[in-house]
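Asker: can you look at this prediction? I've put the sequence above it.
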Amino acid sequence: MAGLPAATWSSSDATIATVNGGGLVTSVALGGPVTISASISSGGVTKNGSGSVTVADFPTTASVTATTGQQFTPSTVTIKAGGSVTWVFQSLAHTVTFNTPAPAGTPADIGTAAAPVSGQSISRTFSTAGTFNYHCSIHQGMTGVVVVK
């Protein structure tokens, strides 16, 4: 049996909210409404659907997976100042190393000594607004961003 067809997702205003290929909507800025649309085609038949979202505030928590495919997913998260991000580590060893120069309020890195094994997680709190770029010091090109509003 063949798998289900993948949906094609879009946002009417990516400056307020984006949507990835899996349908995960991420707030970018306060505002809206923004129309999130999906389209699925199979056997010559296309079905479309949409919904409206308004970004009234930013979440206080976010979760990022450090994947076995050497990616941080999602690669960018946005949270409210004082909020926290939890990194969930899959089977490979990874680090979360904040780029230098780091903005004021940058939390401690998650180094190799602290990097958990498969299925474990570690959280960090971001007390001040800013853009916090980070990378895995073990896997070149594995990068992410925490935006704190």
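Answerer: Yes, it's here.
Asker: domain map for this protein?
Answerer: Listed by automatic domain parsing, the domain ranges of the chain are 8-55, 61-148.
Asker: and the last one, end to end?
Answerer: Domain 61-148 stretches 11 Å from its first residue to its last (CA to CA, to the nearest Å).
Asker: got TSV for the domains of the chain, with mean pLDDT too?
Answerer: Output for the domains of the chain, formatted as TSV (pLDDT from 0 to 100):
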stretch	mean pLDDT
domain 8-55	91
domain 61-148	90
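Asker: any idea which of the ones you listed is most buried?
Answerer: Ranked by mean neighbour count, the domains of the chain are led by domain 61-148 with a mean of 16 (mean count of other CB atoms under 10 Å). Just so you know, the C-beta spots here come from the backbone N, C-alpha and C atoms, and that holds for glycine as well.
Asker: just list the residues touching F132, thanks.
Answerer: Applying CB atoms under 8 Å, 6 or more residues apart in numbering to F132 gives the contacts 98, 102-103, 106, 126, 145-148.
Asker: which of these sits closest to Q70?
Answerer: Nearest to Q70 among these, counting by CB to CB, is V145 at 16.6 Å.
Asker: T61 pairs with what?
Answerer: S84 (DSSP bridges).
Asker: F98 contacts N133, doesn't it?
Answerer: Yes: contact criterion CB atoms under 8 Å: F98 and N133 qualify, at 7.2 Å.
Asker: of the contacts of F132, closest to P33?
Answerer: When the contacts of F132 are compared against P33 (criterion: CB to CB), the nearest one is V147, at 21.3 Å.
Asker: the closest one: helix or strand, and which one exactly?
Answerer: Assigned by DSSP states H and E, V147 belongs to strand 143-148.
Asker: sheet partners, orientation included, of that strand?
Answerer: strand 76-79 (parallel), strand 130-135 (antiparallel).
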